[in-house]
Every structure is written in structure tokens, then in C-alpha cells.
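Novice: Quick one, fold the following:
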Amino acid sequence: MSAGGWDLEEIRRRADLVEIVSPHVRLRKSGARLGGLCPFHQERTPSFTLDPEKGLWHCFGCKAGGDLFRFVEMIEKVSFAEAVELLARRLGVPPKRPADAARQRTRERLLALHEQAAKFFQALLRGDTGRGTRAYLQRRGISNESVEAFCLGYARDAWESLLKAMAKRGFSGQDLARAGLAVPREDHFYDRFRNRLIFPIRDATGRVIAFGGRALADDQQPKYLNSPESPLFQKGQVLWNFDRARRAMAEAERAVVVEGYLDAISCCEAGLTEAVATMGTALTAEHVNLLRRQVKSLVLAFDSDSAGLAAALRGRELFQQAELDVRVVSMPEGVDPDDVVRERGGEALRQLVADARPMIEWELGRVLARAEGQGERAQAEALRGAILVLARAPAGADREYYLRWLAERQGADAPDRRRPLEAELRQALAREIKRIEGRSRRIPLAASGEGSAQRQGLEKPSAGRLQATLLAAFLQSGDLAEQHLGSLKVEYFPDEGQRAVFEAMRRLMERGEPFSAQEVLAELEPHIRPTLAGLALEYVPEEQIEESVAKKGVGERLKRQWGTLGIDVEEEQAVTEREKWVEVAIARLEEDRRLRRQQRELLRRLDEAKSQEEREAVQGELTEVNRRLSELAGRRIMGEN
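Specialist: Numbers count the residues shown, from 1 in each chain. As a prediction, the model looks like this:
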């Protein structure tokens, strides 16, 4: 089996799962297996288990699990394809197909060219020719430590400086043109970057894949120039400084997102080493996917009038879909993070970031500020803008809180008008929601199993115990699987993960292929693999196996179980009913999570209430939320144990 041209089986053969996991988990031997503290959630009692023979791992606490690829995905916070490539390069596994091997050779040559070019630019900055650029950096307040840490460089004001230097290293003009470092012109090439401060752009693993250049002459245009897109570089998928900021993001549990290279460098000099830059482009869905693998919280630190901030606000659905907590820094007008650090110092920037407000509150404040000191018409227009902001916010405690906040703010001069005003605002909000509801779309995010281990455990209905035991027993005993798989139907398994595992087993049996946990794993989508790992590492005692398959047999037992739930598995309706159950169960889990978030927010507001009237109002809302939670808990969904 291959992925992206890489031979997965060869990677598995060469890899040692224990060696891959050991730097991240202190493993202790427990029988034939190894155990330790899970690196994916906080725990005191070890629940992480690794089976070297099966090549699988599983955490019985957070339910994460899989093979070596899944471990690298989660620990490095990369996609499946990136994890495969990381392991292939680490283990020296070549691509499988000749065409893929040729593409990989081209890719490696381009990477080598970029690495050599970065060293060349860096040497120019350090030498006599870079004296003026070093003086410029000093005036900008960029320290020598940062110059070295970010490997900044200098491109001379010459047409063929890089071309000639790279030719001595065996790279042709065509190579440089393919990499975006040279521009073809009739029968010759010339350097793309001339008289510019150079910023190497790296991928998530730290390899140079492109360059950015800032003009050093006042009349030079454009002010910033990036490498064009190439086989290595797609601007909408890369965040500058991401490779260096990953560890800091994990420690800070957030990412600070800025626009430019110098903004990111100044943030790092101010101690905000979790900063990444969009390189002047709008945040894309790919950027958001990249960040959500690392953190749950973003701080946007853009110039208040920048196109980047405006684009980020328009793309708020991306953040909502990714369940990211997004805050916005209130930057002084016309000022960016680099300006703040240079003019007021690092502490000033740290304070601005600490004071960042939730996106919805920042938007409301900005909309209402436009009408301050203006007439009634401007006030009404601002209020309509605020209603639009609320309508675009996700339903729940935040929207309710800010609706009340808006009513209190607008009715501050006339307390007796607050309640009527709140009612009017609610009606206006309902109309606006209805207007935009039909055209609202959910923005798809990468569905490659990149969500948190905890989310995997929460968002799927819990599996039937009998079904889980049977699947674990089948993985433990191929003979048992051969004996009973034929009598089972996919409808007997209410959980998506169990159904996928069962169908993978059945496909292998029908093809007459070897039956083991690794073969089943290879048949599964990445987000299902933790289910397989959990089943494969669950030991089923022989007496329990006998009890599970005794008497009437597995098929009859499961058929009888489904029959008691009012489902006739022989009818075509069975699949439809199962799908309905899954949809309803997931909807219930989502509703329960939403209500519990609202409950926590109301409890916080109750603690902070300053008057009896406010406490009573919050208590009333809390009572209603508790009632709905109780009602939700009391409902019976077909298929629940």
C-alpha cells in the first residue's frame, strides 16, 4: 500500500514504534506491552498502552490511538501525508513509483537549491556588501540575535548575483526559474530578488521553500516581494515562523497572528514567541486548519485598518467551524506590532495582546465607535451594524450576553427604556438571522482525523459493549472471525467506527487476504484508526469470547438485541433507522455541550452580578438552561443502552 507515492509497508518494516514514541513517553514494560503517561492529555495514572508486536498504541483515557503514522500526526500536529513523508525521509525510504521517485528527486533538488540560496543571502548580509542593510536593521531595532535566529539575508542590487553563485554549485538558470528565484527573459535569466532584505520562508518542518524580500530603496516597488507559487510553496498554506513558533504555541496555548515578517520578529523580541505571520495575505481555510491542530485560541494583532484584518472578520465562519476562540488586539490607528515595539517597547505590545477582546466584542465596539458624538441617524445605522455582527455570531451564551450588553449600553441614559429596547433588539436580531440563515454555509475543514483526541471521544455515540467485545475477539482470533463474520450484518453495529472496522474485516475475508490488526488498519480512514487501535489492544479472556458466541450464535444475539429496540434488521429500513439514530445522538451531544457552555457562562455571570435585579435575571436564565438539560437527559433515543 502507498500514500503520496510512499510505500507504507516499507516504512512500517523499517520503523520501530517504540523508538518513535520513546522521546515523548517514558515507557515501562507491562507484560508483552509497554505503558506510560499519555502525551495527548493531562493524567496522573498511566493509560497509554503500546503493543510492539502489533505496531499499535492506544490511550484508554482520551481514546486516542492508531499506528506509527497516527502517532507522528498527533505529536507533530501534521497531516497524514506530512507524517508519512516525515517518516520516509527519517528512515530513508524512497518513493515507490518511478514517476513519484522522479518528482521527489525534483523536489529534493529544489529544496537543496533553496538551502544554498539562503546560505548565500545570509553570507552577503554578514559581509561587507551587507553593511548598509545591517545598519537598516539596527535602525529598525532588530537585534543581531534575531538576524541570526531567523537567518535573514541580503540580495545585492545586481541582475545575476544569485544566478552566478548557484551556477558554481551546480544549479542552472532553469533550476532557479523553476524555484521562483530567477525570471526568464528571452534567451537568459535574471535574479528575482535584487537590493532587498531577505526573509527565508520555511515549511512546518523547517526546510526553506521560498523567500520574501523587503525593498531597501525608497522608490523601489513593490515594497514586499515573495517567491511565486511553486511545487514547494503555496502562499495560502504557509505561515511564516510557524516552524519556530510551534513549541511556543503549545506552551502558551495560543497563536498570535500578525501580517508581516518584521511584525513577527518584533513579537518574538517582545517575548511573544508564539507569533506567526500571514505574509500580507488573508487568512485562508488552510491557515486555520494549520493553526487549529496546534491551539484552541488565536490573537489577531493586525493594523486596525489593514486589509488582512478586514478579511479575517469576513472569514469569521472559518474560526467558528474550527471552534477557535479568537481575540482581536485593539491596535492604535495606523500602527502595527513592529511600530509598537520600536516606539513604545515590548511591554506595551505584551499589554495590548493581554487586553485583546473577543472578536464579537471588538467588532461591536468598532461599529458603535463610528457613531460616537454623531446624530440619531448615525446611531441607528451603528445599531443596525451591531445587530448584523450579533446575527453572524454563533447561537449560544455569547450572543445572548452581547445582546444584553448592547441593550444596556444603548439604554444607559434611560434605564426605564432598557427592557423595551432589549425586546426591540431581539426582534431585529431574529429578523436578521432569518434573512442570512438560508445562505449561511459551513466551511469544510480537513477531515483527516486531525481533531483532538478528546473530541474523537465526545462526538461519537458510545459503542455497544457486545459489539466491541466481538470485534476485539475477531482481531485476537482469526479463526473466530472466519467462523462468525458471515452471520453478521453491518446494521448490527450502531457506532461508525465499529461499522468501518467490521466492513474492513469483511473485505479482507472476502479477498482471502491475511487477517491481522495491521491489515485491518490499512483499510481504514485515518479518523477511524483510533477505534481499531482500542479494539486491537483490548484483551478479551477466552471465557468472555465463549460467552459472547455461545448458544444461538453471534448473529442471533445481535439480531435479538436490535429486535428488543423495535428494529427489524431484516427489513431495508434498518440502515435508515441506524443512520437516524446516529444523527440524533450526535445532535444530542452537540446540544448538551452547547447548553453546558451556556450554563458555565451563566454561573460566572451570577457570581459577578452586582445587583439583586441582575442576579434574579441571570438565575431565571440558569433555571431555564437547567430545565432543558434535564429534559435532554430524560429523552430516550432508539438504540441507546
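Novice: shouldn't residue 513 be in contact with residue 519?
Specialist: Yes. Residue 513 is within contact range of residue 519, at 6.4 Å (criterion: CB atoms under 8 Å). All C-beta atoms are positioned from the backbone trio N, CA, C, and that covers glycine.
Novice: in the stretch 151-300 of the chain, which spans are strands?
Specialist: 153-155, 182-185, 188-191, 196-202, 208-215, 224-226, 255-258, 275-277, 297-300 (DSSP state E, counting those that start in this stretch).
Novice: Can I get those in CSV including distance to residue 534?
Specialist: Listed next are these as CSV, based on distance: least, CB to CB, whole Å:
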stretch, distance to residue 534
strand 153-155, 49
strand 182-185, 53
strand 188-191, 55
strand 196-202, 36
strand 208-215, 37
strand 224-226, 45
strand 255-258, 31
strand 275-277, 34
strand 297-300, 29
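Novice: of all those, which lies closest to residue 76?
Specialist: strand 196-202 (14.7 Å; CB to CB).
Novice: Distance from the chain centre to the closest one, please.
Specialist: 26 Å (CA atoms, centre = their mean, to the nearest Å).
Novice: which outside residues touch that strand?
Specialist: 114, 118, 121, 125, 133, 136-137, 150-155, 208-216, 220, 225-227, 233, 238, 240, 242-243, 261, 279 (CB atoms under 8 Å, 6 or more residues apart in numbering).
Novice: Please save the CA atoms from that strand in CSV.
Specialist: The C-alpha coordinates for strand 196-202 follow below in CSV (Å, rounded to 0.1, in the frame of the first residue of the first chain):
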residue,chain,number,x,y,z
ARG,A,196,16.3,43.5,-0.8
LEU,A,197,16.4,42.3,2.8
ILE,A,198,15.7,38.6,2.5
PHE,A,199,13.4,36.5,4.8
PRO,A,200,13.7,32.7,4.3
ILE,A,201,10.2,31.1,4.3
ARG,A,202,10.2,27.6,5.8
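Novice: what is the rounded mean pLDDT of it?
Specialist: Averaged across strand 196-202, the pLDDT comes to 97.
Novice: for stretch 228-246, same thing?
Specialist: Rounded mean pLDDT across stretch 228-246 is 91.
Novice: likewise stretch 595-614?
Specialist: 78.
Novice: residues of the helix or strand where residue 434 lies that come out buried?
Specialist: Element membership for residue 434 (DSSP states H and E) is helix 418-437. For helix 418-437, a neighbour-count test (16 or more other CB atoms under 10 Å) marks 418, 421-422, 425, 428-429, 432-433 as buried.
Novice: If you go by neighbour count, which of the contacts of strand 196-202 are buried?
Specialist: 114, 118, 121, 125, 133, 137, 150-155, 208-216, 225-227, 233, 238, 240, 242-243, 261, 279.
Novice: ok, back up a step: just put the buried residues of helix 418-437 in TSV and tack on pLDDT.
Specialist: Listed next are those as TSV, based on pLDDT from 0 to 100:
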residue	pLDDT
418	72
421	79
422	81
425	84
428	85
429	85
432	81
433	81
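Novice: Confidence-wise, which helix or strand of this protein is lowest on average?
Specialist: Least confident helix or strand of the chain, by mean pLDDT, DSSP states H and E, is helix 453-458 with a mean of 35.
Novice: closest to residue 165 out of the strands of the stretch 151-300 of the chain?
Specialist: Smallest distance to residue 165 across these (CB to CB): 9.8 Å, for strand 188-191.
Novice: roughly how far apart are the residue most central in space within the chain and residue 320?
Specialist: By CA atoms, centre = their mean, the chain has its centre lying nearest to residue 292, at 2.4 Å. Counting by CB to CB, to the nearest Å, the separation of residue 292 from residue 320 is 12 Å.
Novice: next one: residue 602
Specialist: Distance, residue 602 to residue 320, using CB to CB: 21 Å.
Novice: ok, the two, which is more surrounded?
Specialist: Between residue 602 and residue 320, counted using other CB atoms under 10 Å, the more crowded position is residue 602 (22 against 16).
Novice: What distance do you get for the more buried one to residue 619?
Specialist: Using CB to CB, one obtains 9 Å as the distance from residue 602 to residue 619.
Novice: next one: residue 85
Specialist: Shown here: residue 85 relative to residue 619, a distance of 56 Å by CB to CB.
Novice: More neighbours: which of these two?
Specialist: Just comparing residue 85 and residue 619: by other CB under 10 Å the higher neighbour count belongs to residue 85, 22 against 14.
Novice: And the more buried one, which helix or strand is it part of?
Specialist: Counting by DSSP H and E, the element that carries residue 85 is helix 80-91.
Novice: packing partners for the helix or strand just after that helix?
Specialist: With elements assigned by DSSP H and E, the helix or strand that comes after helix 80-91 is helix 98-126. Applying 3 or more CB pairs under 8 Å, 6 or more residues apart in numbering; DSSP states H and E, we find helix 98-126 packed against strand 153-155, helix 161-167, helix 173-179, strand 196-202, strand 208-215.
Novice: Going by contacts, tell me the helices and strands next to the helix holding residue 434.
Specialist: For helix 418-437, the helices and strands in contact under the criterion 3+ CB pairs under 8 Å, 6+ apart are helix 376-392, helix 397-410.
Novice: Distance from it to the middle of the chain?
Specialist: On the basis of CA atoms, centre = their mean, helix 418-437 sits 34 Å off its chain's mean C-alpha point.
Novice: from now on call the first residue 6
Specialist: Understood, numbering begins at 6; the last thing we discussed is helix 423-442.
Novice: and it with helix 402-415, angle?
Specialist: With axes from the mean of the first three to the mean of the last three CA atoms, to 10 degrees defining the directions, helix 423-442 sits at 130 degrees from helix 402-415.
Novice: And for helix 423-442, what's in contact with it?
Specialist: So helix 423-442 is contacted by 388-389, 392-393, 395-397, 408-409, 411-413, 415-416 (CB under 8 Å, 6+ apart).
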